[in-house]
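In: attaching a predicted model along with its sequence, questions to come.
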Amino acid sequence: MKILNYYKKALSYFSIIVFSTLFSTIITGKFNMGIDGFTNLLMLIIGLSIFLGTLLFIYDKYFGPKQRSKKLKTAKFTDFLKVGFKTEKDYLIGKINGYTVIISYNWRNKNGIESLITMILFDPRINGKHLNSYFLNKWQESIKDDYNY
């Protein structure tokens, strides 16, 4: 994920909280903030977003690979090592039925939950001819579901 996405995510969280609070105070009629207070509030939102975005980036950048490597040593993944998979950085790579398979653990995907990433690499040929990108994209769209993206 690009570094700006961390800041955008943090900014959106703080903005939702602050603006919902402001909206509720306006509705109840207890809004007593001038332009200086509003400016200070916006600066607080931006400052906290930069701070939180930086923390999230550092956590993903430096602690994420260690988390993935540690998770690959659990029982769920050691079975793959027993059948010939090799550990590369923070993922497993091996062959199943002649296809190269890459297995990785994502400790926080775009929805913020744990997930398992599996890629199967193959040579896209039919009758000795490579498939063009149109047919590959058409085939990929036909097998997409909620779990494949």
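Out: That came in fine, so what should we check first?
In: residue 116 should be in a helix, yeah?
Out: No - going by DSSP: H, G, I helix; E, B strand; the rest coil, the assignment for residue 116 is strand, not a helix.
In: contacts only, for it.
Out: Residue 116 makes contact with 103, 104, 105, 106 under the criterion C-beta atoms under 8 Å, 6 or more residues apart in numbering. C-betas here are computed from N, CA, C, even on glycine.
In: of these, buried ones?
Out: 103, 104, 105 (16 or more other C-beta atoms under 10 Å).
In: relative to residue 41, which of the residues you listed is nearest.
Out: Residue 41 lies nearest to residue 105 out of the buried ones among the contacts of residue 116, by C-beta to C-beta, at 39.7 Å.
In: sorry, back to before: tabulate the contacts of residue 116 in JSON lines, adding columns for secondary structure and distance to residue 141.
Out: Output for those, formatted as JSON lines (DSSP: H, G, I helix; E, B strand; the rest coil; distance: C-beta to C-beta, whole Å):
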{"residue": "103", "secondary structure": "strand", "distance to residue 141": "24"}
{"residue": "104", "secondary structure": "strand", "distance to residue 141": "24"}
{"residue": "105", "secondary structure": "strand", "distance to residue 141": "27"}
{"residue": "106", "secondary structure": "strand", "distance to residue 141": "23"}
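In: which one of those residues is nearest to residue 95?
Out: Residue 95 lies nearest to residue 103 out of the contacts of residue 116, by C-beta to C-beta, at 12.1 Å.
In: residues contacting the spatially closest residue to that closest one that is not a sequence neighbour?
Out: Taking C-beta to C-beta, 6 or more residues apart in numbering, and ignoring the residues beside it in sequence, residue 103 has residue 92 as its nearest neighbour in space, at 4.5 Å. By C-beta under 8 Å, 6+ apart, residue 92 lies in contact with 72, 77, 80, 81, 85, 86, 102, 103, 104.
In: which of these count as buried?
Out: By neighbour count, with 16+ other C-beta under 10 Å, those hold 72, 77, 80, 85, 103, 104 as buried.
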